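Q: I'd like to go over a predicted model; first the sequence, then the structure.
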Amino acid sequence: MPLVPTSSLVDAAREAHVGAAAFNVIHLETAEALVAAAERTGVPLILQISENCIRYHGSLLPITRATLALAEGSSAPIAVHLDHITDADLVRQGIAAGVDSVMVDASALPYEENVATTAELTAWCHERGAYVEAELGEVGGKDGVHAPGVRTDPDEALTFVRATRVDALAVAVGSSHAMQERTAVLDKDLIAALRTTLPVPLVLHGSSGVPDDELRRAIAAGMTKINISTHLVSVFTASIRQTLGANPSLVDSRKYVKPAREAVAEEAARLLGVLTTPATVPDRLAARASTLG
């Protein structure tokens with residue numbers, strides 16, 4: 001199937017009141033696992049390549065070209081997106097390589113510089129038909145806006161969106177990057193207010209720390225694009241630990257990476273189901289169970 005534009009997947013999810021799944025690529029094995037999950041479920045998926053991932057691989061082109069090739073060769077509708085890009089040169093390289101969307105991350109800069117930088121790169125991307133996501137401040141886990149207790153103000157967010165002309169906005173509603181326990185409680189009232197105020201889709205970063213039902217309720221309240229990375233990385237690592245613990249003499253990495261890849265595919269497929277199941281379904285089931293109990 002030809003590569004699908006990120007904008008199409010996000011807009012379709014927003015209209016259908018379901019989540020647009022955006023799972024991060026770490027290396028080729030995770031990209032393969034995520035594509036397998038999309039194919040098994042038939043649910044559209046956005047593959048995200050972060051600046052950290054690019055730095056790990058040494059340059060943008062190898063991992064980006066491999067991810068694009070997997071997406072283009074898949075039977076599932078898949079988009080490829082650059083995540084948390086602070087380097088303008090990487091934005092330009094990614095668009096030139098064939099990626100059609102990017103998160104421009106100038107959030108570490110003072111507000112006015114963030115606006116100016118984001119607006120400039122957004123204009124450049126729009127001239128080339130590319131979709132742009134941004135955020136007002138850094139996400140939790142990076143000493144910023146998504147730290148506990150910090151929240152995005154709807155009026156400030158609207159001013160930012162109008163000044164930068166971005167297509168989507170990552171907002172702070174109670175999640176945090178790199179959480180290894182799924183215990184976050186999101187501010188659904190704030191999500192609803194942001195959804196009403198802003199003309200662009202809302203993006204949830206740090207979704208790894210959010211339980212399934214909380215994700216469903218956040219989507220019902222107005223969240224659209226759901227970014228998940230750490231949780232799936234943890235699944236990959238746990239599988240490798242288990243395999244090597246049971247077989248300490250293994251030296252062929254394929255023999256412990258293959259089951260880890262499959263474990264990620266299974267969990268990613270499960271999460272794709274979570275993000276496209278209306279919040280009312282688990283609520284109804286819980287209510288029915290309580291009457292039977």
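A: Thanks, I have the structure now.
Q: CA only for contacts and neighbour counts going forward, please
A: OK.
Q: how distant is the top strand by length along the chain from the center of its chain?
A: For the chain, the strand that runs over the most residues, judged by DSSP state E, is strand 78-85. Mean-position distance between strand 78-85 and its chain equals 8 Å (CA atoms, centre = their mean, to the nearest Å).
Q: helix or strand right after that strand?
A: helix 88-97 (DSSP states H and E).
Q: If you count neighbours, what's buried in that next one?
A: 88, 90-91, 94-95 (16 or more other CA atoms under 10 Å).
Q: what angle do the longest strand of the chain and helix 88-97 make?
A: 170 degrees (axes from the mean of the first three to the mean of the last three CA atoms, to 10 degrees).
Q: which strands and helices sit next to strand 78-85?
A: The contact analysis (3 or more CA pairs under 8 Å, 6 or more residues apart in numbering; DSSP states H and E) places strand 78-85 against helix 6-16, strand 45-50, helix 51-57, helix 60-72, helix 88-97, strand 101-104.
Q: Show residues contacting stretch 98-116.
A: With CA atoms under 8 Å, 6 or more residues apart in numbering as the test, stretch 98-116 has contacts from 5-7, 68, 80-86, 91, 95, 117-118, 121-122, 129-138, 160, 163-164.
Q: try it again with 6 Å
A: Applying CA atoms under 6 Å, 6 or more residues apart in numbering, the contact partners of stretch 98-116 are 80-86, 130-134, 136-138.
Q: Among those residues, name the buried ones.
A: Buried, going by 16+ other CA under 10 Å: 80-86, 130-134, 136-138, out of those.
Q: Can you find the helix or strand of the protein with the lowest average pLDDT?
A: Across the helices and strands of the chain, mean confidence by mean pLDDT, DSSP states H and E is lowest for helix 280-292: a mean of 46.
Q: what lines up beside the longest strand of the chain in the sheet?
A: Strand 78-85 sits in its sheet next to strand 45-50 (parallel), strand 101-104 (parallel), going by DSSP bridges.
Q: quick one, which of the ones you listed is nearest to Lys258?
A: Using CA to CA as the measure, strand 45-50 is the one of the strands paired with strand 78-85 that comes nearest Lys258, at 19.7 Å.
Q: chain center to the closest one, what's the gap?
A: Worked out by CA atoms, centre = their mean, strand 45-50 lies 7 Å from the chain centre.
Q: Report the mean confidence score over it.
A: In this model, strand 45-50 has an average pLDDT of 98.
Q: One more: stretch 104-118?
A: 93.
Q: Stretch 202-218 too?
A: Here the average pLDDT along stretch 202-218 is 88.
Q: buried set for it?
A: Taking 16+ other CA under 10 Å as the criterion, stretch 202-218 shows 202-210, 212-218 as buried.
Q: what about that stretch, how long is it end to end?
A: 10 Å (CA to CA, to the nearest Å).
Q: Now find how far off-centre that stretch is within its chain.
A: Counting by CA atoms, centre = their mean, stretch 202-218 comes out at 10 Å from the chain centroid.
Q: Could you count how many residues lie near Ser59?
A: 14 (other CA atoms under 10 Å).
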